[in-house]
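Visitor: Here is a sequence together with a model predicted from it:
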Amino acid sequence: QVRLVESGGGLVQPGGSLRLSCAASGFTFSTYAMNWYRQAPGKERELVATITSTGVTTSYADSVKGRFTISRDNAKNTMDLQMNSLQLEDTAVYYCRAQRGYDLRDYWGQGTQVTVSS
């Protein structure tokens, strides 16, 4: 059974930090590119960060570049998102997504809420 379980969300003040984690099971994690998405109330879901299957290459949305860092541990089947200098507009539900291009396998987690508020 495929599972992606996010954790680490919560309430944080502007300028603060949070570290999100995504724990994967039920599939060959090391063969999938991994992504963090977020969806704020009333907005479309947007891509935040991507990391390739080997972890060598990462990319970020312009809105989080320099503040967020995506990483993965293929030995532990986990992916993290370190979020620093959080801003009010970072408030959203954050989702992890696993994708494998050659067979179009695609899995989503259930999301974790991040609220940035003073």
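Guide: Nice, thanks for sending it over.
Visitor: any idea how far the residue nearest in space to the middle of the chain is from residue 64?
Guide: Centroid-nearest residue in the chain, with CA atoms, centre = their mean: residue 36, separated by 2.7 Å. For residue 36, the distance to residue 64 (CB to CB, to the nearest Å) stands at 9 Å. For every residue, glycine as well, the C-beta is placed using N, CA and C.
Visitor: and for the two, which residues touch both?
Guide: Here residue 36 and residue 64 share the contacting residues 48, 49, scored by CB atoms under 8 Å, 6 or more residues apart in numbering.
Visitor: Per-residue pLDDT of residue 67, please?
Guide: With respect to pLDDT, residue 67 scores 98.
Visitor: follow-up on the earlier one: looking at it, the residue nearest to the centre of the chain is touching residue 98, isn't it?
Guide: No: using CB atoms under 8 Å, residue 36 makes no contact with residue 98, being 11.2 Å away.
Visitor: contacting residues for residue 70?
Guide: Counted by CB under 8 Å, 6+ apart, residue 70 has contacts 34, 36, 49, 50, 51, 58, 60, 79, 80, 81, 82.
Visitor: Can you check the pLDDT for the third one?
Guide: Think residue 49. Model confidence at residue 49, given as pLDDT, is 98.
Visitor: And the contacts of residue 70, which is closest to residue 94?
Guide: residue 36 (6.0 Å; CB to CB).
Visitor: Lovely, talk soon.
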